[in-house]
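Peer 1: Model the structure of this input:
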Amino acid sequence: MPKYGAMDTESSAIRMEIPSAVELVNVVRMTVMNAVESQGALTGSRLDDLRLATSEAVTNAIQANLERDGSQPVKIRCIIADGLVRLEITDFGFGMPPDENLPPLSDPARLHTEGGFGVPLMKALSNDRVEFDTSARGTTVRIWLAQ
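Peer 2: All right, here's what the predicted structure looks like:
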């Protein structure tokens with residue numbers, strides 16, 4: 001299995017900027033999926049994991065931008081190298097709110113809570129290899145997936 005390193009060499013990379021519009025989540029997801037699939041970096045259920053993680057991260061970024069004013073784009077970068085995929089999503093929202101007030105996913109009380117599932121879901125899909133750089137000027141989420 002490849003190491004989760006810095007991925008200094010990019011065998012393939014996609015860079016996109018999209019307006020903060022929920023209708024574009026599918027466009028991003030399809031573009032990322034086609035690139036990863038064409039490189040053979042992920043297959044089967046790992047490709048499904050990437051599909052879901054991409055949807056969650058892009059949707060969260062769009063919502064963060066819209067909470068600010070929606071004028072900034074969402075930036076997407078997908079790097080495919082050595083059988084490893086790193087997906088980076090950047091927004092220009094107010095930063096991630098702390099999730100300390102949310103009950104754990106295993107708590108039945110969580111079923112009565114709207115939202116707050118995206119980050120735990122991204123962590124689970126990527127085997128906890130997710131990084132968040134967040135500030136009052138926005139957030140970049142980095143998700144690593146390997147076969």
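Peer 1: Against which helices or strands is the worst-scoring helix or strand of the chain on mean pLDDT packed?
Peer 2: With mean pLDDT, DSSP states H and E as the measure, the helix or strand of the chain carrying the lowest mean pLDDT is helix 118-125 (a mean of 72). The criterion is 3 or more C-beta pairs under 8 Å, 6 or more residues apart in numbering; DSSP states H and E, and the helices and strands that helix 118-125 contacts are helix 44-68, strand 130-135, strand 138-146. Bear in mind the C-beta positions are built from the backbone N, C-alpha and C, glycine included.
Peer 1: Columns mean pLDDT, mean neighbour count and distance to R15 on top of these, output as a markdown table?
Peer 2: Compiled in a markdown table, the helices and strands packed on helix 118-125 are given as follows (pLDDT from 0 to 100; neighbours: other C-beta atoms under 10 Å; distance: least, C-beta to C-beta, whole Å):
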| stretch | mean pLDDT | mean neighbour count | distance to R15 |
| --- | --- | --- | --- |
| helix 44-68 | 93 | 19 | 14 |
| strand 130-135 | 90 | 14 | 17 |
| strand 138-146 | 94 | 20 | 13 |
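Peer 1: right, and the ones you listed - which one's nearest V85?
Peer 2: Comparison of those against V85 by C-beta to C-beta identifies strand 138-146 as nearest, at 4.8 Å.
Peer 1: List the contacts of the closest one.
Peer 2: Outside of strand 138-146, the residues within contact range by C-beta atoms under 8 Å, 6 or more residues apart in numbering are 1-2, 4, 42, 46, 49-50, 53, 57, 60-61, 64, 72, 83-96, 122, 125-126, 129-134.
Peer 1: Appreciated, that's everything.
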